[in-house]
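Enquirer: Sequence first, then the predicted structure:
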Amino acid sequence: MDHPEKLLGDNPLFEGISPFIPMSKLPAALLREPLANIPWQSIEPELREPFLGLHTEHFYPTHDSMEIVASIQASMRASLMRRNPLAPQEQRRINQLALLDANVRPDVLQSLASPASGGIVAAETGAGKTTVLRRALELIAPEQVILHGHSVACGWSRMIQISYLYVDLPSNGSRGGLITRILGAVDAILGTDYVGKHQRLRNIDQSLLLTMKVLSIHRVGLLVLDEGQQDNFDECAWQREFVLFFLCLMNLGIPIVLSGHPMAFTNLENVAQVMRRFSDIGFFEIPRAMRGDESWWRDALVPGVMGFNLCESIEDAEAIRQKSQAATGGIPGLFAARWVESQRIALRRGGAKAELRPLDFEIAGKSPRCIALEKMAQWLGAGTPAGSGYTDLARRSSPEPDSANETAASAAVAAKASPANSPADRLNVNRALKKLVDQEKRDVAKRTARLQKSKELLKKLSPEDLRNSQGTLEIFAGLAAAQQELFNREG
């Protein structure tokens, strides 16, 4: 049976959803090889270079990616099953929701509950989280928009179903920006003007309610909120309201996946109630390979990426595999970029056939397309002190110091352990120490500026507006029950 859920009865919401894919068949279903049906061997190597652009469509599944896809599939299908429009109680629920206003009483909300699940996908840049999520949605819901005609049984003259919605969190961390992003994504695929309606509303409560109605009425199967960062989510002034809003949507039947940098979810990880709800789909942390012999990297990721190949032969594939982690810092995106560049070098050599050599992989690191990536990989592998490299690549095993004094102390200890042997060496140590302290001061200044900006934003709301907004969200987030306090922060 394509849709096991139909054992419970027919459900029109599954019409545009792929048949259920069991775990045993997921690897074959996820695998995508764009070069498989292209006779690239029939043309000269130099003419194959345009096909390198197809590497973004190449997908080789790993264990982590299959777990994410399987969990998303289960969440979407469970939500659609619960929201079967043929069920009279579901028809009443949607009609009630469509007629709600911002002054809804808590007792009215009990009939609107249709709890959905939430999840988090956290990874540093280049780990492939967005690629996995996009591939999951393409596979599970190949039709993003599904048109349903007149149905007396469902109680509609026409309904446009959105199987999923993919939205980036606003860079400014504002509630208005979030609402505009979500409604704008709906407008982009349906040709509607929900953003215009939002802009004409008098207050944020009405806009939040509009967003809940739009996503519910269009039976959105999954809302993905990507590009979560430390500054636009974890440190934003409205994080508490964001989370309450997400809980509202989940309680009204919309599954949510938050995706972003691990530092975007630092505060959420400390709130048991929130983590419980966002563990229904799963809290997935996609790693980078810290060693070249990690099985997921050596046996799955690297061979999978190397499967995208426009060369007839590889001189020593094993030598490239052995260098792969050290050359790219164990970051999947960096290895993929370097592998493509290696092929570019091999193809440009010309000849009747192309052979990719380990030297090509070595040279690729110095090309304009990879030189910055090699610098990143070297920083990750050389043990450079934290704070002197990339702010979005954290050394999870050695936490960053909390202050410039701790940074200086750490550097001083390191210098004492390896005493300088000459005045020039001591000068270099002092310069490195000053660089660390200066970098930490700049980071502190940035955090202070963000905090001040958040405080100024909060001052623009009157106490009454702030109380009303939080009260409405808490009612929706908790439905008939009182929502416990999510964050106990001072100030």
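Expert: Okay, I see it.

Enquirer: Under the pLDDT cut-off, which ranges of this protein? List them.
Expert: For the chain, the stretches flagged by pLDDT under 70 are 102-111, 382-389, 394-491.

Enquirer: try 80 this time
Expert: When residues are selected by pLDDT under 80, those of the chain lie in 1, 101-111, 173, 202, 237-238, 269-270, 381-491.

Enquirer: Now do the domain split for it, please.
Expert: Domain ranges of the chain: 4-30+62-285, 39-55+288-400, 410-441, per automatic domain parsing.

Enquirer: Which helix or strand contains the nearest residue to Thr180 once chain neighbours are set aside?
Expert: In this structure, Thr180 finds its nearest non-sequential neighbour in Val195, 5.8 Å apart by Cβ to Cβ, 6 or more residues apart in numbering. C-beta here means a position set from N, CA and C on the backbone, and glycine is covered the same way. Following DSSP states H and E, the helix or strand that holds Val195 is helix 194-200.

Enquirer: CA atoms of that helix as CSV?
Expert: Output for helix 194-200, consisting of C-alpha atoms alone and laid out as CSV, is shown next (Å, rounded to 0.1, in the frame of the first residue of the first chain):
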residue,chain,number,x,y,z
TYR,A,194,-0.9,38.0,2.5
VAL,A,195,2.1,40.3,3.1
GLY,A,196,0.0,43.3,2.0
LYS,A,197,-2.8,42.2,4.4
HIS,A,198,-0.2,41.9,7.2
GLN,A,199,1.1,45.4,6.5
ARG,A,200,-2.4,46.9,6.8
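
Enquirer: after it, next one along is what?
Expert: Scanning forward in sequence from helix 194-200 by DSSP H and E, the next helix or strand is helix 204-217.

Enquirer: What is that following helix packed up against?
Expert: If contacts are counted by 3 or more Cβ pairs under 8 Å, 6 or more residues apart in numbering; DSSP states H and E, helix 204-217 sits against helix 88-98, helix 175-190, helix 194-200, helix 239-251, helix 463-478.

Enquirer: one more time with 6 Å, if that's ok
Expert: Contact analysis of helix 204-217 by 3 or more Cβ pairs under 6 Å, 6 or more residues apart in numbering; DSSP states H and E lists helix 175-190, helix 194-200, helix 463-478 as its packing neighbours.

Enquirer: Would you mark the buried spots in the helix holding Val195?
Expert: Residues Tyr194, Val195, His198 are the ones in helix 194-200 that count as buried (16 or more other Cβ atoms under 10 Å).

Enquirer: residues contacting the last one?
Expert: The contact partners of His198, by Cβ atoms under 6 Å, 6 or more residues apart in numbering, come to Ile179, Leu183, Ser207, Leu210.

Enquirer: and if we set it to 8 Å?
Expert: Ile179, Thr180, Leu183, Ser207, Leu210, Thr211 (Cβ atoms under 8 Å, 6 or more residues apart in numbering).

Enquirer: so the first one touches Asp205, yeah?
Expert: No. No contact is recorded between Ile179 and Asp205 when judged using Cβ atoms under 8 Å, the distance being 11.1 Å.

Enquirer: Now the buried residues of helix 194-200 in CSV, please, with extra columns for distance to Asp316.
Expert: Rendered in CSV, the data for the buried residues of helix 194-200 read as follows (distance: Cβ to Cβ, whole Å):
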residue, distance to Asp316
Tyr194, 57
Val195, 55
His198, 58
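
Enquirer: Which parts of the stretch 201-350 of the chain are helices?
Expert: Assignment of helices within the stretch 201-350 of the chain using DSSP state H, counting those that start in this stretch yields the ranges 204-217, 239-251, 272-277, 295, 302-306, 317-328, 332-348.

Enquirer: got the angle between the first one and helix 239-251?
Expert: Yep, that's helix 204-217 we're talking about. When axes from the mean of the first three to the mean of the last three Cα atoms, to 10 degrees is applied, the directions of helix 204-217 and helix 239-251 differ by 30 degrees.

Enquirer: Brilliant, that's me finished.
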